[in-house]
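Asks: I'd like to go over a predicted model; first the sequence, then the structure.
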Number of protein chains: 2
Amino acid sequence: MNDEFDLNVVCLAGGVGGAKLADGLACIVPPENLTVIVNTGDDFEHLGLTICPDLDTVMYTLAGAANTETGWGRAGESWRTIEEAARLGGPDWFRLGDLDLATHLVRTHLLRGGEKLTAVTRRLSHHFNIHPAILPMSDQPAPTIIQTDDDLLPFQTWFVKERWQPTVQKVILPDDVRATPAVMKALERADLVLIAPSNPFVSIDPILNVYPIRAMLMDLPQAVVAVSPIIGGQAVKGPAAKMMEERDMPVTARAVADYYGDLIDGFVYDEQDAGTMDGLDAAQLCIDTWMRSQQDRIRLAQETLAFATRLGS
Amino acid sequence: MNDEFDLNVVCLAGGVGGAKLADGLACIVPPENLTVIVNTGDDFEHLGLTICPDLDTVMYTLAGAANTETGWGRAGESWRTIEEAARLGGPDWFRLGDLDLATHLVRTHLLRGGEKLTAVTRRLSHHFNIHPAILPMSDQPAPTIIQTDDDLLPFQTWFVKERWQPTVQKVILPDDVRATPAVMKALERADLVLIAPSNPFVSIDPILNVYPIRAMLMDLPQAVVAVSPIIGGQAVKGPAAKMMEERDMPVTARAVADYYGDLIDGFVYDEQDAGTMDGLDAAQLCIDTWMRSQQDRIRLAQETLAFATRLGS
């Protein structure tokens, strides 16, 4: 596909699932044709540093530097600083590895110097030898807040510190965040938009919520295709299934397709869920979507792109 | 001395020289009788973190955790994070070790949470198992600025990045910094005040410049004794000798005594400088002042304390 492929592809991505699909795409789409727009609703300030977990997961994955066992952080990581910080009475619920810390230090240094997150991410990507564009959805802070039965929790407090156990009453997204010029330009140029198999409520919704991303996806002529994060009634990773239960949604791929509604033109879901899409308006592709290996990532990217290309033509 | 010693001792200290004398004092003065007031004019923000080099040197030294080869940082240090940060395009002129970073992360976390530097330093000292009180001279930022022939440089830029090579025209100290209640109380209770063999211009002057520390030392009845940082025409470490030359001062212990003038009641200087104190108003103690070993630190502390005690009685 690489030689002849000249469509502009935009992928909306959260953490692990998004990073894996983006990695598959990066193997087959020329870098100048691929843009990954990443959720920054998870970003937070911790120990004085600005931490952007989803940007880092996408960056580390595309750099081949991700820790594939944990699903977050760097491969070959060590923990000397955070363990000493814990001994000195500091918080250690957010596990910052020694290599990972370097990213946060450099990012924080550049942000404090007045650079925007988009420019900082470009620089870091350059040093990680990543060629596709990785774009934060916004240069403004856009913190996702989780309303539980008892509290309003910053996202990482709920997700990491509380291990996403408290019941989610509501995901509260900020109402005044704007997309960057780079994001707008990428969407305007896009021939295909893929919504990665990320959590719809806390990875994809925060991106769609950034003005005017949702409206652009609704209005522009390009094909929008989502890949289901739910396979056989389970989330491959993370709280998506639990959050669907708490919303009284069926925990099914079909419910994800219905949730995206008329935003999507096509829906890619797993063979385990064959026969559950009767009456769905969007075009459908039923394939093996579970990404266990690098080959799986590439195959899912290829089949999804071919499907989206047919829809868009 | 430990069993019977019940005088309250305050030591004014900068970095390495101050930390060594403080360490000697900590071996012989009961912890409840010893307070080390530390220069914070060197403090700066770097990579998003609040770094307090002199507080850390004193703390690491009293904890037995200092790197005695470099004179700064932690023993047994590693450099994984800063080397990765450099690879990612970050600045690495200020060498932050993996263990040292933990201190800066925890301090920055606590300061951002609203604690004052005095309270943060007490907490860190506790976790380092340090019993004497280590006090920052102020809870306000009090940045020392170095005026060179060409520039106004933040202290660490001049000291570390430029390796203190640019000629110093002037040391500029802020004029609106106040001592903390803890510092005031320690000086009010003090029976003896020792000025450590630290750089007079960039370690001790910044402390004396904090209102009303200089006035308290002039007015209160306690004996004030300084130990010379110049031995045989040389600074044991750092830029003191070079700065004296640039000020057209003789590079001698005597010139240091004259610089402190009527602030001090006693002056301790090295045997190499015997016979150079004719006509000095302050009382004098001429001994071996070079602290090569832990035993040297204890001996200098003992002899200086005994001398100051005689003066104060």
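Replies: On my side now, so go ahead. Numbers count the residues shown, from 1 in each chain, chains lettered A, B, ... in the order given.

Asks: list the buried ones in the longest helix seen in chain A?
Replies: Ranked by residue count under DSSP state H, the longest helix found in chain A is helix A:294-312. Within helix A:294-312, the residues that count as buried by 16 or more other CB atoms under 10 Å in any protein chain shown are A:297-305, A:307-309, A:311-312. C-beta coordinates here come from the backbone N, C-alpha and C atoms, glycine included.

Asks: which among those gets closest to residue B:143?
Replies: Ranked by distance to residue B:143 (CB to CB), the buried residues of helix A:294-312 are led by residue A:297 at 50.3 Å.

Asks: Could I get the contacting residues of the residue nearest to the closest one when sequence neighbours are not counted?
Replies: Distance criterion CB to CB, 6 or more residues apart in numbering or on different chains; nearest residue to residue A:297, sequence neighbours excluded, is residue A:24 at 3.4 Å. By CB atoms under 8 Å, 6 or more residues apart in numbering or on different chains, the contact list for residue A:24 reads A:291, A:294, A:296, A:297, A:298, A:299, A:300, A:301, A:302.

Asks: Make CSV out of these and add pLDDT and distance to residue A:55.
Replies: Shown next, in CSV, are these (pLDDT from 0 to 100; distance: CB to CB, whole Å):
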residue, pLDDT, distance to residue A:55
A:291, 95, 20
A:294, 93, 21
A:296, 96, 23
A:297, 96, 19
A:298, 97, 23
A:299, 97, 26
A:300, 98, 22
A:301, 98, 20
A:302, 97, 25
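
Asks: List just the nearest of these to residue A:68.
Replies: residue A:294 (9.6 Å).

Asks: Check residue A:3 and give its pLDDT.
Replies: Per-residue confidence (pLDDT) for residue A:3: 53.

Asks: returning to what we had before: the longest helix of chain A packs against which elements?
Replies: Packing partners of helix A:294-312 (3 or more CB pairs under 8 Å, 6 or more residues apart in numbering or on different chains; DSSP states H and E): helix A:16-28, strand A:192-195, strand A:223-227, strand A:266-270, strand A:283-287.

Asks: Next, the angle from the helix or strand just after the first one to helix A:16-28.
Replies: Next helix or strand after helix A:16-28 toward the C-terminus (DSSP states H and E): strand A:34-38. Relative orientation of strand A:34-38 versus helix A:16-28 (axes from the mean of the first three to the mean of the last three CA atoms, to 10 degrees): 170 degrees.

Asks: Within the sheet, what are the partner strands of the next helix or strand after strand A:34-38, with directions?
Replies: As assigned by DSSP H and E, the chain's next helix or strand after strand A:34-38 is strand A:44-46. Strand A:44-46 has these partner strands in its sheet, going by DSSP bridges: strand A:49-51 (antiparallel).

Asks: Can you name the residues in contact with the strand it pairs with?
Replies: Against strand A:49-51 from outside (CB under 8 Å, 6+ apart): A:43-45, A:94, A:96, A:101, A:104-105, A:107-108, A:111, A:156, B:48-49, B:105.

Asks: Show me how to select, in PyMOL, the buried members of those.
Replies: Filtering the contacts of strand A:49-51 down to the buried ones (16+ other CB under 10 Å) takes a single PyMOL command:
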select buried, (chain A and resi 43+44+94+96+101+104+105+107+108+111+156) or (chain B and resi 48+49+105)
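
Asks: Tell me which two in the contacts of strand A:49-51 are the farthest apart.
Replies: Greatest spatial distance in the contacts of strand A:49-51: A:156 and B:49, 19.5 Å, computed using CB to CB.

Asks: quick one: is stretch A:106-114 near chain B?
Replies: Yes: using CB under 8 Å from any CB of the partner chain, stretch A:106-114 reaches chain B at A:106, A:108, A:109, A:112.

Asks: For the stretch 51-200 of chain A, what lies in contact range of chain B?
Replies: A:78, A:80-85, A:87-91, A:98-99, A:101-106, A:108-109, A:112, A:123-124, A:126-128.

Asks: closest to residue B:54 out of the helices and strands packed on helix A:294-312?
Replies: Closest approach to residue B:54 among the helices and strands packed on helix A:294-312 (CB to CB): helix A:16-28, 43.3 Å.

Asks: roughly how far out does the closest one sit from the chain middle?
Replies: 10 Å (CA atoms, centre = their mean, to the nearest Å).

Asks: And the residue of chain A positioned farthest from its centre, how far from residue B:93?
Replies: Outermost residue of chain A with respect to the C-alpha centroid, by CA atoms, centre = their mean, is residue A:88; its distance is 34.0 Å. Counting by CB to CB, to the nearest Å, the gap from residue A:88 to residue B:93 is 25 Å.

Asks: who are the neighbours in contact with the residue lying closest to residue A:7 once chain neighbours are set aside?
Replies: The shortest distance from residue A:7 to any non-neighbouring residue, by CB to CB, 6+ apart, is to residue A:191 (3.9 Å). By CB under 8 Å, 6+ apart, the contact list for residue A:191 reads A:7, A:8, A:9, A:222, A:223, A:312.
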